[in-house]
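Novice: pasting the sequence and the predicted model now:
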Amino acid sequence: MNLLEVLTNPNAFFAAKLQDAMSLRVPALLVLISGLISGSAAYMITGITLEMLQGTLPPEAQSIAATVGGVSAFVGAVLFSLLLWVIYTAVFFGISALFKGEGDFKRTLEFVGYGYIPIIIGGIISAILIYNFVATAQPPHVTDPAALAEVIAQWITSNPTFQLAPVIGILFMLWAANIWIFGLKHARNLSTKHAAITVGIPIAVYILYSVWQLGVLW
Amino acid sequence: MRSRTLALLLVLSLSLVLLAGTASAQETAEPKSSIMVSSYHVSPEVLMQKDIGTITVTVKNMELLESVKIKEASLIDRDLKVLSKPYVNIGSLGPGESLTLSFTIQAGFEDGIFYPKLLVDAEAAENVRYQIPVKVESTSLAMGLHALPEEIVKDDRAHLELLVGNSRPNTVTGVKIVTADEQVIPSEVFLGALPSDESTVAEFEYTPQSTGTQTIHFVLEFRNGDNRHVTTLDVPLTVTESKKSAELILTGIEVEPLLEPSGYKITGDINNAGLEEARSVVMKVGEAAGIAAIDPYKTYFVGLLDPDDFSSFELDIAVEGDVTTVPLLIEYKDEDGNLFSQVEYVSIEHREQAQNPDELPLPLIGALVVIAVFVVGMIVYSWKKR
């Protein structure tokens, strides 16, 4: 079974996968790759944020803060991706239970993990945009945390990179949701309609939250 | 015949004796008094051409018993101009008394010794005709550069000395040297009286503000008697840049944006590449349109910069419009307290202007559309394959 078939014909992919023994190796790897990409983006954002605060710390402390902060952000993002994988699965598992879904949690976890392929593609594009922003940005030096928040808010609401990254994230999340619909359908033995509702509710919440963050709803 | 000749000779002899007796009798009857010029004084002692001076003459009655009535006293000369009028009906001069008469004269356009004549017309006395020597010499005072430094450096104080000599035969007074040059202090040096064949030195401090050949115009003023005279001296001086003075240069300039709108932080190092120390070094933002210094570093005090030493600095500015260069004003003093200033220009690059969501670059919009079409296409395709 070609892994790319999950993108082109997820229904057939999961139907066939259901016949195989459960294995979390590939899904976990996919989620880990997604986490590493998110971690890289978090590392870059943390670096530029600490650069803005360089006037508030001694040079030695600044260097330590940059290293510790960057690594912490990276590790945190990786771990959060893995945690989010479990949370998504748990939410899908719970909602699908309302539709009398049947199937193992581990199988659900496995199929949700395959849905991370579009998120990896979207993550790579977002990371490239963020790298481009960090490489060309001239961050101001601030001493006040309130001022720092103001700068970040200004970036989020006005910078093209920060405008595009969530939009791309939403697009690829929709693609992932599409895969998850077929994954849940087979993993939890749901009708297509119930699988779409199961996936649609949390994804709709996620998208609304992302749009709210963009400031469109302000 | 012989007797007639003798008789004629006798008559003639008698006639001569009688005539002589008559003359002797007349002299004895109208004796004339004696007056004389006892002294005179010319002021100034030596006149210059067109100078006005005075001749003071003392006339004395030399008689011991009789007074003399002086009718008129005058001074005349062809070369010197006598400005005062003759004395008329002066009055009687008692026995042994003196009378002082003053006459105002003016020298002509020639040097030399002139002899105006004093005429005193007295009643029952001998008239006096007396020549008074008056010397006219137009030699002026001499002024020249006495001492100056080997090298005159811009913005550095130079000590100048002018020598004033009096080659005239008389003392002049009120000698002073004046200059209108603002770079020279003092603007006036008073030297007072200067006797004949003597000299004196006037000292000035010169602080040139520019390089090249600079000419200082000095004016020497003095009085000969009551007559004011002026002579000038132009002193050309070559002013150069100092070879040892502090030389401040900026390196490692970095311009970083601040949070404030159009705010920038300029940091870097200021180095002293000269051979002398720079004191009280202060850095400021120069005056230019669209540029304003802002807190917390409107100015930056560096302080003392030794030769081959450096210090870091920071200045904060806010710019308006299309400002691309910022003038930085550096002020410092030398060990004498002379203030120096220089301007260095720093280029700034405008930060990327924040764009509104509506102002997304077209390539990004295109890429977003392509991605959206691709994702939707993949989703639709997956449903068709179902």
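Specialist: Received the coordinates, thanks.
Novice: what about the helices in chain A?
Specialist: A:5-8, A:10-17, A:25-52, A:59-98, A:105-114, A:116-136, A:145-158, A:160-187, A:192-214 (DSSP state H).
Novice: what's the least confident stretch among the ones you listed?
Specialist: Note on those: helix A:145-158 shows the lowest mean pLDDT, a mean of 69.
Novice: what about B:Val189, how many residues nearby?
Specialist: 18 (other C-beta atoms under 10 Å in any protein chain shown). C-betas here are computed from N, CA, C, even on glycine.
Novice: any idea which helix or strand carries it?
Specialist: Using DSSP states H and E, the element containing B:Val189 is strand B:188-194.
Novice: again, but for B:Val42
Specialist: strand B:35-43.
Novice: direction included, what does the helix or strand just after that strand pair against?
Specialist: Following strand B:35-43 in sequence order, the next helix or strand is strand B:46-47 (DSSP H and E). Paired neighbours of strand B:46-47 in the sheet (DSSP bridges): strand B:134-136 (parallel).
Novice: find the centremost residue of chain B, please.
Specialist: B:Thr179 (1.6 Å; C-alpha atoms, centre = their mean).
Novice: find the nearest non-adjacent residue to that one, please.
Specialist: Closest residue to B:Thr179 apart from its sequence neighbours, by C-beta to C-beta, 6 or more residues apart in numbering or on different chains: B:Phe218 at 5.1 Å.
Novice: which helices and strands sit right next to the strand or helix carrying that neighbour?
Specialist: According to DSSP H and E, B:Phe218 maps onto strand B:212-224. For strand B:212-224, the packing partners by 3 or more C-beta pairs under 8 Å, 6 or more residues apart in numbering or on different chains; DSSP states H and E come out as strand B:158-166, strand B:172-179, strand B:227-240.
Novice: which parts of it are buried?
Specialist: B:214, B:216, B:218, B:220-222, B:224 (16 or more other C-beta atoms under 10 Å in any protein chain shown).
Novice: again with stretch B:282-295
Specialist: Neighbour-count burial for stretch B:282-295, counted by 16+ other C-beta under 10 Å, picks out B:282-285, B:291, B:293-294.
Novice: without its sequence neighbours, what residue ends up closest to A:Val31?
Specialist: Nearest to A:Val31 is A:Trp85, by C-beta to C-beta, 6+ apart, at 4.6 Å.
Novice: got the angle between the host helix or strand of B:Leu118 and strand B:35-43?
Specialist: Applying DSSP H and E as the criterion places B:Leu118 in strand B:117-123. Angle, strand B:117-123 to strand B:35-43, by axes from the mean of the first three to the mean of the last three C-alpha atoms, to 10 degrees: 150 degrees.
Novice: beta partners for B:Lys333?
Specialist: B:Arg279, B:Leu339.
Novice: how about low-confidence regions in the stretch 1-150 of chain B?
Specialist: Scanning the stretch 1-150 of chain B for pLDDT under 70 picks out the ranges B:1-33.
Novice: how about the helices in it?
Specialist: Shown for the stretch 1-150 of chain B, the helices assigned by DSSP state H, counting those that start in this stretch span residues B:2-29.
Novice: once you drop chain neighbours, what's closest to the residue of it found nearest chain A?
Specialist: Ranking the residues of the stretch 1-150 of chain B by distance to chain A (C-beta to the nearest C-beta) places B:Pro149 first, at 48.7 Å. The shortest distance from B:Pro149 to any non-neighbouring residue, by C-beta to C-beta, 6+ apart, is to B:Ala158 (5.0 Å).
Novice: sounds good, over and out.
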